[in-house]
Each structure stands twice: as structure tokens, then as C-alpha cells.
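A.B. asks: Fold the following and give me the result.
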Amino acid sequence: MRAGERISGPLVDVISVSSQRPRVGVIVPRYGHSAVARNRVRRRLKELARREWLPMAVSSDSSRDVILRAKPAAYGASYARLKETLDAPFGRLCER
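C.D. replies: Below is the predicted model:
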């Protein structure tokens, strides 16, 4: 995580590093929330990566490891708000 490129947003930090093939990791710290809330955020971020980033990465031959790290504000965000927030970072990653 320290060596990668970091794109910071209001809800999620996106960290990327070059790799052999595109992979995604999700980090959702507790921030005092229940396991149910953490898993909801984790599932939403994994689904966004699967639907939005991986197809773009495969089509642009962008082989990067991507780590999505949720911020406290992500717990209150809807799926649509998370998607809107991650569109720009995912696009920047695929341009490289």
C-alpha cells in the first residue's frame, strides 16, 4: 500500500500498484460500526469493482492491483453514491 499510487476521495481511498493481472482488495475498518454494516459496505465495493473496474481493466490491458479502503462516510453512502464517487478514479487507473 505504501508504494502504490493513491487516489483519495470523499468516501473511498483507491490505491493501485502494477501487477501481473488485475486484482481487487477491499479494506473496511470498523470505525465503531457493526459487522453487518461493515459487510454491507464491503459487498457494495466488491460489486462495484467487479462490474465497473474489472471490465475496463481487461479491455484496456491495465494490469494493476487495486485496494479500495473505505472511509467513515462510506457507511452512510448508497450504492449509487459509491458508484458516482469511484467512476473518476477507475477511469484514471485504466488510462495508465
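
A.B. asks: quick one: the lowest-mean-pLDDT helix or strand in the chain to chain centroid distance?
C.D. replies: Counting by mean pLDDT, DSSP states H and E, the chain has its least confident helix or strand at helix 54-59, which shows a mean of 82. Mean-position distance between helix 54-59 and its chain equals 14 Å (Cα atoms, centre = their mean, to the nearest Å).

A.B. asks: And for stretch 13-20?
C.D. replies: For stretch 13-20, the distance to the chain centre is 10 Å (Cα atoms, centre = their mean).

A.B. asks: List the buried residues in it.
C.D. replies: Asp13, Val14, Ile15, Ser16 (16 or more other Cβ atoms under 10 Å). Where C-beta positions appear, they are placed from N, C-alpha and C, glycine not excepted.

A.B. asks: What of stretch 61-68?
C.D. replies: Ser62, Arg64, Asp65, Val66, Ile67, Leu68.

A.B. asks: hey, what's the second one bridged with?
C.D. replies: Just to be clear, that refers to Arg64. Ser18 (DSSP bridges).
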